[in-house]
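Student: I'd like to go over a predicted model; first the sequence, then the structure.
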Amino acid sequence: MNNNDQRQEYRLDNQLTVIIELDSSDAGEPTLVVSKSLDISANGLRAIAHEAVATDIILRCCIRDEKHDRQFLLVSEVKWCRPHSDGDYLIGLSLFDSDGTDIVKWKEYIAQSCAD
């Protein structure tokens, strides 16, 4: 469990694939930023990516757990983005309770992971 940053809930050090969907290009295709989570919680996560992402914007994201063949389509806000090492960036995402997303399944997944 990590206790830094601003989250006050239990964090899991799970490394999952996080795909962040940025605004669509002129061709109508979204730009995708593929990253890996450093830690996850019921309401947010920290990820590391090869490119910076603008802050204070709301974006769709997909979180994949290949080990358990699960994926979650979620809505997130980029709370912060800062340089890390070797040209990578740390990104802080806050997850929203939003209709039409997998937020309930995500929270159940976190609860189950905490119980394991």
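Tutor: Sure, I can see it. Residues are numbered from 1 along each chain as shown.

Student: Okay, now the sheet partners of whichever strand or helix holds Gln71, with direction.
Tutor: Element membership for Gln71, per DSSP states H and E: strand 70-83. Note on strand 70-83: by DSSP bridges, its sheet partners are strand 58-65 (antiparallel), strand 89-95 (antiparallel).

Student: which residues touch it?
Tutor: Residues outside strand 70-83 that contact it (CB atoms under 8 Å, 6 or more residues apart in numbering): 20, 44, 52-65, 89-96, 98, 101-103, 105-106, 109. For the C-beta atoms, the positions are set from N, CA and C on the backbone; glycine is no exception.

Student: most tightly surrounded among the strands paired with strand 70-83?
Tutor: strand 89-95 (a mean of 21; mean count of other CB atoms under 10 Å).

Student: Now the element after that one, going C-ward?
Tutor: Immediately after strand 89-95, counting by DSSP H and E, sits helix 103-115.

Student: Sketch out the low-pLDDT regions of the chain for me.
Tutor: 1-9, 24-27 (pLDDT under 70).

Student: same thing but at 50, please
Tutor: Scanning the chain for pLDDT under 50 picks out 1-5.

Student: need the contact list for Asp39.
Tutor: Contact analysis of Asp39 by CB under 8 Å, 6+ apart lists Asn2, Arg11, Leu12, Asp13, Asn14, Leu45, Arg46.
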